[in-house]
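**Q** take a look and give me a structure for this.
(one chain, ligands or ions: 1)
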Amino acid sequence: MKIELIGTGCTWTKRLSTSFIINDHIMLDCPQGSFKTMFNSGKLDKIDTVIISHYHSDHWADLHLFVEILKNRKVTRSTKIYAPDGFWEKFESVCNAFRLPKTLAYAQTHLSFNKLTNGKVFKSGNLNITAYTVKHIPDSFGFAISEGQKTIGFSCDTAMCENLVKIIKKSKAIFIDMAAIYPSDKHLSVNDVINLKKEFENVDFYPVHLSKFSIAAAKNKMRLPKDGDVFNF
Ligand SMILES: [Zn+2]
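**A** Now for the predicted structure:
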């Protein structure tokens with residue numbers, strides 16, 4: 001499985017906000033800045049599936065731009081969107097606020113929306129993707145993505161919770177939220193991740209959604225991925 005890290009930060013850092021391209025055709029989250037980074041790179045042309053983990057702006061704020069470029073390039077195939085409940089209502093509000101009636105019209109005919117449900121598996125290419133609700137805001141999801149017998153986890157934004165442990169137990173490696181430095185009910189802290197690494201020593205941990213504080217606190221304690229890194233599992 002090829003995983004490209006478009007961004008590795010949270011909002012409050014110079015790093016781009018966290019998002020991933022998986023096997024060149026799945027975009028997991030679409031935060032502000034991700035469109036600008038990928039525009040003209042050729043990467044967007046291959047995306048046929050977009051997964052939105054939750055509706056905070058640093059996870060989906062550039063989606064309208066992605067749809068606009070599909071429209072401008074007259075892409076005729078349909079793009080699958082997997083997102084929490086309420087997608088159309090929110091996407092329509094964004095298009096209306098930004099005066100994008102043509103983008104909305106294109107979306108209505110070329111995006112196929114699928115609601116994420118806890119424990120439900122969906123397929124994309126040769127991957128099986130299981131969505132799990134996690135502890136962040138209502139309707140936030142993490143994922144276990146399997147290619148054959150190999151599973152890679154994505155905590156997305158979460159504090160410690162039962163489903164996070166479920167994802168870790170299935171995974172060979174996990175890209176895990178490490179935004180916080182103090183215990184929190186929204187994000188994992190550096191100490192949370194250090195403790196999970198000790199508990200699940202056979203799993204490789206890749207902390208993401210980093211803040212300048214968590215980057216400083218993790219210094220000399222663990223290796224942190226950078227924007228643009230590509231991993232092959
Ligand atoms: Zn969030």
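
**Q** now do stretch 188-201, average pLDDT.
**A** Stretch 188-201 shows a mean pLDDT of 97.

**Q** give me the contact list for that stretch.
**A** Where contact means CB atoms under 8 Å, 6 or more residues apart in numbering, the residues beyond stretch 188-201 that reach it are 155, 158-160, 164, 168-169, 176-183, 203, 205, 207, 214, 217-218, 221-222. All C-beta atoms are positioned from the backbone trio N, CA, C, and that covers glycine.

**Q** quick one: buried ones out of the residues you listed?
**A** Taking 16 or more other CB atoms under 10 Å as the criterion, what is buried in the contacts of stretch 188-201 is 155, 158-160, 164, 168, 176-181, 203, 205, 207, 214, 217-218.

**Q** strands - which of the residues you listed land there?
**A** In this view, the buried ones among the contacts of stretch 188-201 that belong to strands under DSSP state E are Ser155, Ile176, Asp177, Phe205, Pro207.

**Q** looking at those residues, spot the one nearest the ion.
**A** Asp177 (8.7 Å; CB to the ion).

**Q** so which of the ones in strands among the buried ones among the contacts of stretch 188-201 are also by the ion?
**A** Here nothing survives when those are matched to the ion using CB under 5 Å from the ion.

**Q** can you put those residues in JSON lines and add pLDDT?
**A** Compiled in JSON lines, these are given as follows (pLDDT from 0 to 100):
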{"residue": "Ser155", "pLDDT": "98"}
{"residue": "Ile176", "pLDDT": "98"}
{"residue": "Asp177", "pLDDT": "98"}
{"residue": "Phe205", "pLDDT": "98"}
{"residue": "Pro207", "pLDDT": "98"}
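
**Q** where helices are concerned, which of the contacts of stretch 188-201 count?
**A** When these are checked against helices (DSSP state H), the matches are Leu164, Ile168, Lys169, Ser214, Ala217, Ala218.

**Q** okay if I get the residues you listed as CSV plus pLDDT and distance to the ion?
**A** As requested, the ones in helices among the contacts of stretch 188-201 are exported to CSV (pLDDT from 0 to 100; distance: CB to the ion, whole Å):
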residue, pLDDT, distance to the ion
Leu164, 98, 14
Ile168, 98, 19
Lys169, 98, 23
Ser214, 96, 15
Ala217, 95, 20
Ala218, 95, 20
